[in-house]
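In: model the structure of this input:
(one chain, ligands or ions: 1)
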Amino acid sequence: MTGDKINIAIFASGNGSNAENIVRYFENDPQINIPLILSNKAGAFVLQRAKNLGIDSVVFSAVELKEGDKIRKVLQEYAIDFIVLAGFLLKIPDYLIAMYPQKIVNIHPALLPKYGGKGMYGDHVHKAVKAAGEKESGITIHYVNEVYDAGQIIFQAKVQISPEDSADDIAVKVHALEYEHFPRVIGEIAKS
Ligand code: GRF
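Out: Residues are numbered from 1 along each chain as shown. Reported below is the predicted structural model:
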């Protein structure tokens, strides 16, 4: 913590609409500060969003994430207390989990343990949900441990799917749930 605020870093690999929603939610929060967005993709739109929001960003490679020096250094530099994964596609290495025990959360766009694990991200998830003829989908917010999408579940919310919904329609419904719940749950967990 710097001062009396909890510093949160967001890791994102792509568009970053959740990252932006989270940043805006905490803009005037007396307890939470978001000083940094990190991405493993140099061209990710989340980096443009960070710029627009006036937030520092750091780009790193998959190798740098594994190796650890750069990431450790930057997280220490910004006195990061808590990490949020918002559409981050690389596996979090063990050293980071050890540095932030129960202080890394991820959002998954389905009702885990269904439709989780390696390769189950973004549209792949919604297409699989559609192909299985599910009547509902939703979001899962969970702690991050050593296994993809297998950390302790913190919160889930469901949404009904109709047979006419395409995978894109499902994605829109799920995103709405993410925007509604993720920032609030982050706040509750980070402050507890
Ligand atoms: C979200 O659906 C999130 O659940 C998943 O990746 C997507 C990221 O979307 N992990 P965005 O980059 O926040 O727009």
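In: all contacts plus neighbour counts: C-alpha atoms, from now on.
Out: Fine.
In: helix, strand, or coil at H142?
Out: With DSSP: H, G, I helix; E, B strand; the rest coil as the basis, H142 sits in strand.
In: so the closest residue to it other than its chain neighbours versus the ligand, what's the distance?
Out: Counting by CA to CA, 6 or more residues apart in numbering, H142 lies nearest to I153, which is 4.3 Å off, once chain neighbours are set aside. I153 sits 14 Å away from the ligand, going by CA to the nearest ligand atom, to the nearest Å.
In: phi and psi next, for I153.
Out: The phi and psi values for I153, taken as degrees, to the nearest 10, are phi -80, psi 130.
In: contacting residues around it?
Out: Residues in contact with I153, defined by CA atoms under 8 Å, 6 or more residues apart in numbering, are T140, I141, H142, Y143.
In: name the member of the residues you listed with the most neighbours.
Out: Each of the contacts of I153 was scored by neighbours using other CA atoms under 10 Å; the highest score is I141's, at 27 neighbours.
In: so that residue touches A110, yeah?
Out: No: with contact defined as CA atoms under 8 Å, I141 does not count as touching A110 (9.6 Å).
In: just to be sure, E180 is in a strand?
Out: No: counting by three-state DSSP, E180 is not part of a strand but helix.
In: so what's it scoring on pLDDT?
Out: Confidence at E180, expressed as pLDDT, is 98.
In: gap between it and H142?
Out: Taking CA to CA, to the nearest Å as the measure, E180 and H142 are separated by 16 Å.
In: D165 too?
Out: D165 sits at a distance of 26 Å from H142 (criterion: CA to CA).
In: try K5
Out: 23 Å.
In: I170: neighbour count?
Out: 26.
In: pLDDT at it, what is it?
Out: Reported pLDDT for I170: 98.
In: and if you look at G43?
Out: Reading off the confidence values, G43 has pLDDT 96.
In: do the one 10 residues further on as well
Out: At L53, the pLDDT value in this model is 98.
In: what sits against L65?
Out: I71, I92, P93.
In: quick one, strands of this protein?
Out: 6-11, 32-39, 56-59, 82-85, 104-108, 136-143, 153-160 (DSSP state E).
In: picking that back up, buried only: go through the contacts of L65 for me.
Out: I71, I92 (16 or more other CA atoms under 10 Å).
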